[in-house]
Structure formats: C-alpha cells, structure tokens
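Student: With the input below, show me the fold.
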Amino acid sequence: MYKIKFQNGTEKEFNNLIGVDLSRAYLSRADLSHADLSHADLSLANLSRANLSGADLSRANLSGADLSRANLSGAD
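Tutor: So this is what the prediction gives:
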C-alpha cells in the first residue's frame, strides 16, 4: 500500500502504481525502491531525495518532475 500526498493537499492510497496518475504528487524523500511505476504519470511531481533504486520507470512520464538528489541506481 502506497500513501501519496499531492501538492493540493489531498492524499490517496494505492495498492498498485502501474499507470497511476501521480502528476503533481509530493513524493520528496519517499521510499519507492523496487516499485513498479511503469506507465505512471509523474509529470511535475516532487521526487527530490526520493529512493527510486530498482524501480521500474519504463514508459513513465517524468516531464517537469523534480528529481534532485533522488536515488535512481538500478532503476529502469
């Protein structure tokens, strides 16, 4: 189960992150290691300092996302 906070203050819970719309989500310092984010919309999301090691980012939309200091080691 993943609990995601969005920039407008709302929160949602997801069991599966494949193809999920996470645009504008606040994911700073989130642990998404080994998460399957394939086909997810992460546009304009704040992923600064997030742990994305080993995550599947294939076909994910990362346009405008803040990936500063994010751990992307082993991510696809």
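Student: what's the neighbour count on D76?
Tutor: Neighbour count for D76, taken as other Cβ atoms under 10 Å: 13. Every C-beta, even on glycine, is put in place using the N, C-alpha and C of the backbone.
Student: Now do the strands in this protein.
Tutor: In the chain, the strands defined using DSSP state E lie at 2-6, 11-14, 25-26.
Student: Pick the most buried one from those.
Tutor: Of all the strands of the chain, strand 25-26 has the most neighbours on average by mean count of other Cβ atoms under 10 Å, namely a mean of 22.
Student: Redo the strands of the chain as JSON lines? Include mean pLDDT and distance to A50.
Tutor: Output for these, formatted as JSON lines (pLDDT from 0 to 100; distance: least, Cβ to Cβ, whole Å):
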{"stretch": "strand 2-6", "mean pLDDT": "86", "distance to A50": "12"}
{"stretch": "strand 11-14", "mean pLDDT": "89", "distance to A50": "15"}
{"stretch": "strand 25-26", "mean pLDDT": "94", "distance to A50": "10"}
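Student: same for the helix or strand bottoming out on mean pLDDT in the chain, what does it pack against?
Tutor: Least confident helix or strand, the chain: strand 2-6 with a mean of 86, by mean pLDDT, DSSP states H and E. With contacts taken as 3 or more Cβ pairs under 8 Å, 6 or more residues apart in numbering; DSSP states H and E, strand 2-6 sits against strand 11-14, strand 25-26.
Student: Which one of those strands lies nearest to D66?
Tutor: strand 25-26 (10.0 Å; Cβ to Cβ).
Student: Which residues does the closest one contact?
Tutor: Strand 25-26 is contacted by residues 4-7, 42, 45-46 when judged by Cβ atoms under 8 Å, 6 or more residues apart in numbering.
Student: Find the pair from those with maximum spatial separation.
Tutor: K5 and L42 (14.0 Å).
Student: S33 against S53, yeah?
Tutor: Yes: between S33 and S53 there is a contact under Cβ atoms under 8 Å: 4.8 Å.
Student: what do those two both touch?
Tutor: Counting by Cβ under 8 Å, 6+ apart, the contacts common to S33 and S53 are N71.
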